[in-house]
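In: Just a sequence and a predicted model for now, questions to come.
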Amino acid sequence: RDLCSRGIRLAGKMRSDVIDLLDTYVEQQGLDASASVAAVEGVPMAAVERWDELTGTQRLLENLMAYRAFRALLAQMLEEQQEQLGEADAALGQALTAVLLQVSAFIYHLEELLRLESRGPPSEEGTGPPPASHLGLFERKLRGLGVLRELAQWAVRSARDLRQLSRTSPGSSSAPSPADSP
């Protein structure tokens, strides 16, 4: 329960920081905050059908896979940002770095929870950075917007998943009853 509570706080802080970063990103990139962004390759979707049917372990594994993907995507965004703006916009680079560190810390936290579930985290094979993109500048900006929006949604989902996990008995991976689902 303590690890779940700490994870919920981490997810809440991360969401708050991602929302702040989104505002800065939109402003710095000259984008419209209401711009529609298609699904971004490599960005896992937080929305899930049959959420209440997932076991605790399935929730943790999906979160882990998503945040590993976000870590690679954020690192790529940070690299592109540094190439694009150089040191001209240190604030955006610092905010991206801070969120990247939070994502890495959350990955570690999820791995610890999986160990407590008597299941070690899966290896990171195949979770490297996406292939070098050949996107134009505008497409990279939109991809970054999509990554940050979906990361904010994942932070909400992660908090819900951890709340659900904390309701189940320790070590239990059984699906919650429909009455327990949000």
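Out: Great, that's in hand.
In: Next, count neighbours for the closest residue to Arg143 other than its chain neighbours.
Out: Spatially, and ignoring its direct neighbours in sequence, Arg143 is nearest to Val40 (5.2 Å; Cβ to Cβ, 6 or more residues apart in numbering). The way it works is simple: take the backbone N, C-alpha and C, and place the C-beta from them, glycine included. When neighbours are defined as other Cβ atoms under 10 Å, Val40 has 18 of them.
In: Let me know the secondary structure of Val40.
Out: Three-state assignment for Val40 (DSSP: H, G, I helix; E, B strand; the rest coil): coil.
In: Thought Ile19 was touching Val99, still the case?
Out: No - using Cβ atoms under 8 Å, Val99 makes no contact with Ile19, being 10.5 Å away.
In: which of these two has more neighbours?
Out: Neighbour tally, Val99 and Ile19, criterion other Cβ under 10 Å: the higher count belongs to Val99, 22 against 14.
In: Which helix or strand contains the more buried one?
Out: Assessed by DSSP states H and E, Val99 sits inside helix 90-116.
In: Show me what that helix is packed up against.
Out: helix 2-29, helix 56-85, helix 137-167 (3 or more Cβ pairs under 8 Å, 6 or more residues apart in numbering; DSSP states H and E).
In: show me what contacts Asp32?
Out: Listed by Cβ atoms under 8 Å, 6 or more residues apart in numbering, the contact set of Asp32 reads Val26.
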